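**Student:** this one's sequence-less:
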């Protein structure tokens with residue numbers, strides 16, 4: 001099986017997706033993860049095994065416990081593949097590029113204007 005398929009199959013299950021969300025902020029033990037679900041601990045262990053075998057999580061022995069952490073780099077190929085279908089994202093990229101162009105144009109025009117180009121107010125004309 002290829003890398004993209006492994007990752008897609010691993011995140012196909014809602015429990016595994018929730019485990020990934022839980023691991024987003026910090027590593028957790030299997031017990032900590034299991035406490036967040038109403039399913040049995042062996043069922044959570046099976047989900048963790050699938051995530052570990054797909055490379056989405058890493059495990060590390062910490063004393064008597066095993067700590068699981070997220071490996072975000074494995075999501076890269078799937079994210080890149082999905083991006084081709086995200087038409088709104090490319091639309092926003094174009095909009096932001098147009099905004100950046102307009103900001104640069106406005107800054108350029110401001111630096112080019114000289115004090116002689118600036119209209120005088122009635123107060124400035126009275127004192128001149």
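**Tutor:** Structure received. The structure displayed is predicted, hence computed values, not measured ones.
**Student:** tell me the SS of residue 45?
**Tutor:** helix (DSSP: H, G, I helix; E, B strand; the rest coil).
**Student:** for residue 36, that is, sorry about that
**Tutor:** Of the three states, residue 36 takes coil according to three-state DSSP.
**Student:** residue contacts, the residue nearest to it when sequence neighbours are not counted?
**Tutor:** Ranked by C-beta to C-beta, 6 or more residues apart in numbering and with sequence neighbours excluded, the top spatial neighbour of residue 36 is residue 22, at 6.1 Å. Backbone N, C-alpha and C define where each C-beta goes, glycine included. If you count contacts by C-beta atoms under 8 Å, 6 or more residues apart in numbering, residue 22 has them with 28, 33, 36.
**Student:** filter those residues to the buried ones?
**Tutor:** 28, 33 (16 or more other C-beta atoms under 10 Å).
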